[in-house]
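Chemist: Predicted model and sequence below, questions to follow.
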Amino acid sequence: MTGIDAASLTPPPPVVVAASPGYWTGVGRRLSRDPVSMLCLAVLVAIVVAAILAPWLAPADPSIGSVVRRLKPIGTPGYPLGTDELGRDMLTRLLWGGRLSLLMGIAPVAMALLVGGTLGTIAGYVGGKTNAVIMRATDVVFAFPSILLAVAIAGALGPGVANTLLALTIVLIPPIVRVSESATTQVRDLDFVEAARATGAGAITVVRVHVLGNVMGPVLVYASSLLSVSIILAAGLSFIGLGARPPTPEWGLMLATLRNAIWSQPLLAALPGGLIFVVSLAFNLLSDGLRSAMEVE
Amino acid sequence: MSEIAHPAEPALEVVGLHKTFHLRSGGRTRAVQAVTDVSFRVGAGRTLGIVGESGCGKSTTARLVMGLIEADLGDVRLAGREVGRSAAEMKAFRRRVQMVFQDSAASLNPRLTIEASIMFGPVVHGLSRAEAKTRAHRLLDRVGLDPARFAGRHPHELSGGQRQRVNIARALAMEPEIVILDESVSALDKSIEAQVLGLLSDLQAEMGLTYLFISHDLNVVRWISDEVMVMYLGRVAEIGPAEAIFEAPAHPYTRALLASMPSLDPEARTLAAPITGDPPSPIDPPSGCRFHPRCAHAAAICAATAPELNAPSGDGRLEDLHRVACHMAAAGASWAGEGAGP
C-alpha cells in the first residue's frame, strides 16, 4: 500500500505514473517476512550451490576408492564425513550426488510444468471436446499410483538417468494438468476475459495477457510442492536400481549401496537419506510458505 | 414480423435473433430457449433500454450482439451492413461494439495495472504502445480519474465507482460506435450511480455513442433511454419510445413491472403485489403467449398462439413506433387505460 501513500503525499508530474507494487512484489515481500520459508530457502540455496560447485569444492575424486580405508567413520582425519563401502570419500560423493539428485528432482517438475501447464490451460480455455479428450487421457494416467507408474515406466524403458527423468515427467504431468485446467476454467468465465475477447484479440493473446498471469500462481505453488515428491521418487528409483547406475554418485543409489553398513556405521549410512529428507522437507515448507504468501490479498 | 421504423439511420439493427442453449443434466439434453425472435433497431446516438426480470434473456441478447456467443438464427447489422462471419470482419466489428459489465471488479484483470487494461484492446488493433498509452491517459482523464495517480494502480486499490469509470474508459479506448451497458451501474451506490450515469450521458452527447442500456432499475432506464424494450422469457413483450412505454404501457407484463416500481408518493404506492410467482422456466416455456399463466387478462387464444408484435389499438396517446406482443392489447381490451401506470 506504500504506492498509494507515496502518490497522494507527493503528486508526481503528469508524465510519471505512480506505479503500485505488483502482485509478485507483494508475494515476495510477505515470503521474506516468514522465517521458516527464509530458513528453507537458505538451506536449499546452500545445498544447490554446493552441488553445482562440486568439482571445485570436493576434496577428492568421487569414483576413486581404496579397500583399505572403507567405511571410515565420520570425523576421520582427511575424510570429514567418512568413507563409503568402497573407500570413497563421502563428502565428495554427497556433493557430486547432489547434482544428479537435485537434477532428477527439479528437471521432471519443470518439464511436467511446461507440458502439463500447456495441456491444462488449453483444456481449460477451449473447453468442450478438447477438454474432454485431454482430461480423460489425464485420468487414465492418474489412475495408477504415482510410485507404481514411475517404477513401471522406468522398468520398461530400462535403468538410466534419462529414462528416470522421462518416467518422472510422465508421472508428474497429470496432477499439473488437473490443477492448471481447474484454475483456467475459473478464470475463463470472468468478465475481464470476456472483455478481452470482445476487443477481437486472438485466443493466444487473451491467454498470454489475461489468463496465464492469473493461472500461474496456483500452478507454480502446486508444482513447488511436487519438487519434494519428485526428489523422493527419483531417489527411490535409484535405490531399487532403476535410476542412476553405479558408480555414479546419487543420493538414492548411495543409500542403497550403504544399507549393509547400517549395523557398523549407522550415521554414515544415514547421511544420503538425511540429505534427501532435508531437501524434500525444505522444498515442502517453502512451498507452504509460498502458498500462504499468495493467499493474502 | 413488424419492425420499428426509425427516421434516423439505425446504428444497430437486430433481426430475428434466436439462441437456444443445450444443457446436459443426468444424461438428458434440455434446451433452454434463452432468446426467441428478438428484433430491434437503435438509431445513431440514441439509447435503447432493455428491461425485464432476471433470466429474461437481456444479457444473452447483449452477448449475441457482441458476438461473444453465436446466434442460432438471425442477423446483427451495423449501420445497415450485415456482420460477416470471417475472422477479420469479426475483429473489425468487435472494435465498433464494446461492453461495460456489471461486476466492476471481475471485469478488470487483477494482475494488470489500470493503464495496461485500457491499452490492451487498442494494441491488439495495431496501435503502438506509446499511442495506446496516450489514449489511455486521455480517457482516464475524461472519465474523471487523474492518470498520474491512477494509471499505475491495480484494480483492488480502486473503489467500485472508480473501477467502473476505468471499465468505461477501456470500452471507449476502442473508439466504438455502440456501447452495451449490461447492468453497468446496478452494483454502485446510489450517489456514485448518479455520477456515472451523468458521465455516460455526457460521453454520449460528446462522442455520438449509441447505447444499449440493460437494467432492472426502471427509474434509471426511464431517465437515460430514448426507446425501451421489455423482455419476458426470451421474447420481446413490448417495445417503443420510453415516453410511450412508461406513460401508456400496453402489455400486461409491462404494466405489472411499472406497478412494482417503488414510489415515494404515498398516494401512488402499490398495495397489492402486481405480479406473483417466479417467471416460468425457459427450459419449457408456456405455450402461446409466454406470459399467459401469470396474466390476469389471459383468454383462450393466449395459451394457443404466440402474439406478434403489433401496434396497440385504440388509445390515441400511443405513438406510432410503439409495438406490443399481446392478443388482448391488440384487440383493444377493456382493461387498457386502467390505472396501473406509475
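Modeler: On my side now, so go ahead.
Chemist: how does chain A divide into domains?
Modeler: A:1-33, A:35-295 (automatic domain parsing).
Chemist: Now do the contacts for B:V123.
Modeler: The contact partners of B:V123, taken as Cβ atoms under 8 Å, 6 or more residues apart in numbering or on different chains, are B:R129, B:A132. For glycine as for every other residue, the C-beta is placed from the backbone atoms N, C-alpha and C.
Chemist: can you tell me how far it sits from A:V206?
Modeler: 13 Å (Cβ to Cβ, to the nearest Å).
Chemist: And for B:A148?
Modeler: From B:A148 across to A:V206, the span is 29 Å (Cβ to Cβ).
Chemist: now A:V27
Modeler: From A:V27 over to A:V206 the distance is 24 Å, taken as Cβ to Cβ.
Chemist: ok, those two, which is more surrounded?
Modeler: A:V206 (22 against 18; other Cβ atoms under 10 Å in any protein chain shown).
Chemist: which SSE is the residue nearest to that one when sequence neighbours are not counted in?
Modeler: Leaving aside its sequence neighbours, A:V206 sits nearest to A:A196 (Cβ to Cβ, 6 or more residues apart in numbering or on different chains; 4.7 Å). In this structure, A:A196 sits in helix A:191-198 according to DSSP states H and E.
Chemist: Please save the CA atoms from that helix in PDB.
Modeler: In PDB, the C-alpha atoms belonging to helix A:191-198 read as follows (Å, rounded to 0.1, in the frame of the first residue of the first chain):
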ATOM      1  CA  ASP A 191     -15.800 -10.800 -17.200                       C
ATOM      2  CA  PHE A 192     -12.300  -9.400 -17.900                       C
ATOM      3  CA  VAL A 193     -11.500 -12.400 -20.100                       C
ATOM      4  CA  GLU A 194     -14.800 -11.800 -21.900                       C
ATOM      5  CA  ALA A 195     -13.900  -8.100 -22.200                       C
ATOM      6  CA  ALA A 196     -10.600  -9.100 -23.700                       C
ATOM      7  CA  ARG A 197     -12.300 -11.400 -26.200                       C
ATOM      8  CA  ALA A 198     -14.700  -8.500 -27.000                       C
END
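Chemist: Only the buried residues of the helix or strand just after that helix, if you could.
Modeler: Counting by DSSP H and E, the element after helix A:191-198 in chain order, helix or strand, is helix A:203-206. For helix A:203-206, the neighbour count (16 or more other Cβ atoms under 10 Å in any protein chain shown) marks A:T205, A:V206 as buried.
Chemist: what does helix A:203-206 contact?
Modeler: Outside of helix A:203-206, the residues within contact range by Cβ under 8 Å, 6+ apart are A:Y125, A:V126, A:V193, A:A196, A:R197, B:V124.
Chemist: what mean pLDDT does it have?
Modeler: Regarding helix A:203-206, the rounded mean pLDDT is 92.
Chemist: Can you give me the neighbour number for B:G126?
Modeler: 8.
Chemist: SS state for it?
Modeler: coil (DSSP: H, G, I helix; E, B strand; the rest coil).
Chemist: And the helices in chain A, which stretches?
Modeler: A:2-9, A:23-32, A:35-52, A:54-57, A:90-126, A:128-142, A:146-157, A:161-188, A:191-198, A:203-206, A:212-239, A:251-257, A:266-295 (DSSP state H).
Chemist: where's B:E13, which helix or strand?
Modeler: Per DSSP H and E: strand B:10-25 holds B:E13.
Chemist: in that strand, what's buried?
Modeler: B:P10, B:A11, B:L12, B:E13, B:V14, B:V15, B:L17, B:H18, B:K19.
Chemist: Quick one: residues contacting the closest residue to B:D37 other than its chain neighbours.
Modeler: Spatially, and ignoring its direct neighbours in sequence, B:D37 is nearest to B:G16 (5.6 Å; Cβ to Cβ, 6+ apart). For B:G16, the contact set (Cβ under 8 Å, 6+ apart) comprises B:M1, B:D37, B:V38, B:S39, B:L73, B:G74, B:D75.
Chemist: Could you pull up phi and psi at the residue of the stretch 151-300 of chain B found nearest chain A?
Modeler: Of all residues in the stretch 151-300 of chain B, B:G152 sits closest to chain A, at 3.5 Å by Cβ to the nearest Cβ. The phi/psi pair for B:G152 (degrees, to the nearest 10) reads phi -90, psi 0.
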